[in-house]
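Asks: next one to model:
(2 chains)
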Amino acid sequence: MRKGIILALLVCLIILGSWNFLHIFIQHKRIEIKNNIQSIPFFLISRYIETLHLAAVKLDSLGYIANISWEPDSLVARKLYSTYNLQEAGNILDQYRLPHVMQIFLRGDKINMEEFVRFRDYFKNFSGIQIGYNEQQYTKLFNEELSLRKIYLPVNIIIIVLTVLILTVLQIHNETRSDYFWQIYKRAGGRKNTRNRNYWEKSLILVFAPLTLNIGIYFLMLSYEVVSWKIDPRLFILEGVTILFSVILTRIILEDKFS
Amino acid sequence: MIQIENLILNRQKDIILTIENLKLDKGRKILLVGDNDSGKSILIKTLHGSYHHFKGNILFNDRARLFPRKKEHSLLVDNTCQVLNDENVWKNLTLPWSEISATRKQKMLDLCKIAGLQENLSIKLGLLSFSAQKMVELIRAAVQLPLLLLLDDFDNYFDAKKEEIALEICNYAVNSGSTVLATSKRLLTGFDQTFRIQNNRVVSL
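Replies: A predicted model of the protein is given here:
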């Protein structure tokens, strides 16, 4: 019987560990995507600085702007000189009026594909402004973020179903294996409710021991900065509820053995 | 005291046994003799509460069998082996208790000595003979001082010498107020009262 409990505890610990790892992995991936979105510049180009000022007023009202940097025509010219070694052609370039450029960085955690399209279309139709951005890169990142968001719920549901299934089967197996012992125990004059009490005692350990250990390991890793991504505490509650559900389900299935 | 009133035991539609009135007194060893298929075992199971196809009343200290008080329980030792073969003798003896009192432990050791098991307490019970296993069951049951100790087919487990030892073990329970009811196919000595099943009825000998 002891072997059965240890095996159930181990399985439970592995499942919860994997669940937390998956959660951290998805969260890490999402943060990475958001950081990448934030690092891609979106350009507003205009011949007139006043037009860009007007655009800036609109940008102030948007909640997903991380950073704005201005590049007036003189700075653009200087960049061109240094990038393409055009010092000798400086005089020629000075004769031309170069456009002003505004670099916008978007907050990856606040913007999604739909908002980005609205944002892009707004400035596309803004009179006197031309836009410049890496469409392929933005689309790729937004799609990745969307797929992660889409798979998050189904993955969690699959894990919950698998956890309940594995733990229930394991517990049924353990109880069936100990059936002979309890039959003899009952016939020998043992108390009728001892098996029931024993089951709930074991279940209490099964619910709390792996969960506490998992939370402990996570916070230890967090304090030693092995991981830096915070797990939503609700996940731990969900894990506890899942194990508790499998315990109750097993008890209901095995009602005959306990009566 | 166990009182059986107007009891009719059925197997499907057939009546196996009829008992109009039978009293099993406290602190007595009672033997019920009967041939094969006479209904001995079914009567024992009925008294134990594991056979329910009957009409009539079974009263344990004037209370219905269905509502026995916690201490007023019966224990059955029958032909099936109710021991854990992979566990040692002592574990089997102490199986119903999570903790065992010093007095009970001493009593068990005394009874083991009577049964000649004191040297075998740490041996796996599966390695011992059937009669030794039954002796362990008997000691375990007797020490619990049940209201009714039921021994089905008592003559099957033991030879004449072991029967005497088994009855001595039963005496411990009987002296503390338990009633021992054993069934057998043949007449045995050492019992306080003997009944026989004849023509589906129980008669006193």
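Asks: quick one: the helices in chain B?
Replies: B:40-48, B:89-93, B:102-115, B:130-143, B:154-157, B:160-175 (DSSP state H).
Asks: I misspoke; the intended subject was chain A.
Replies: A:2-39, A:49-60, A:73-84, A:90-95, A:113-124, A:135-177, A:179-187, A:194-223, A:233-253, A:255-258.
Asks: that older thread, export the helices of chain B to TSV and tack on distance to A:Gly108 and mean pLDDT?
Replies: The way it works is simple: take the backbone N, C-alpha and C, and place the C-beta from them, glycine included. Shown next, in TSV, are the helices of chain B (distance: least, CB to CB, whole Å; pLDDT from 0 to 100):
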stretch	distance to A:Gly108	mean pLDDT
helix B:40-48	74	90
helix B:89-93	64	95
helix B:102-115	72	93
helix B:130-143	71	94
helix B:154-157	81	90
helix B:160-175	80	93
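Asks: out of these, nearest to A:Gly63?
Replies: helix B:89-93 (70.5 Å; CB to CB).
Asks: please compute how far the closest one lies from its chain's middle.
Replies: Put simply, helix B:89-93 sits 19 Å off its chain's centre (CA atoms, centre = their mean, to the nearest Å).
Asks: is it correct that B:Leu117 is in contact with B:Met135?
Replies: Yes - applying CB atoms under 8 Å, one finds B:Leu117 in contact with B:Met135, separated by 6.5 Å.
Asks: the more surrounded of those two?
Replies: Neighbours were counted for B:Leu117 and for B:Met135 using other CB atoms under 10 Å in any protein chain shown; B:Met135 has more, 26 against 22.
Asks: give me the nearest residue to that one, chain neighbours excluded.
Replies: For B:Met135, ignoring the flanking residues on the chain, the nearest one in space by CB to CB, 6 or more residues apart in numbering or on different chains is B:Ala115 at 4.6 Å.
Asks: and that neighbour, how far from chain A?
Replies: Distance of B:Ala115 to chain A, computed by CB to the nearest CB, to the nearest Å: 17 Å.
Asks: tell me how many other residues crowd the closest residue in space to A:Phe142 that isn't next to it in sequence.
Replies: Closest residue to A:Phe142 apart from its sequence neighbours, by CB to CB, 6+ apart: A:Met113 at 4.2 Å. A:Met113 is flanked by 14 other residues according to other CB under 10 Å.
Asks: residue of chain A nearest chain B, please.
Replies: Closest contact between chain A and chain B, by CB to the nearest CB, is at A:Gly190 (4.0 Å).
Asks: tell me the phi and psi of that residue?
Replies: phi -70, psi 160 (degrees, to the nearest 10).
Asks: who are the contact partners of it?
Replies: B:Leu95, B:Pro96, B:Trp97 (CB atoms under 8 Å, 6 or more residues apart in numbering or on different chains).
Asks: chain A next: which of those are close?
Replies: Residues of the contacts of A:Gly190 in contact with chain A (CB under 8 Å from any CB of the partner chain): B:Leu95, B:Pro96, B:Trp97.
Asks: which of those are buried?
Replies: B:Leu95, B:Pro96, B:Trp97 (16 or more other CB atoms under 10 Å in any protein chain shown).
Asks: so what pLDDT did the residue nearest to the spatial centre of chain A get?
Replies: Note on chain A: the residue nearest the mean C-alpha position is A:Gln27, at 2.6 Å, using CA atoms, centre = their mean. Note for A:Gln27: predicted pLDDT of 85.
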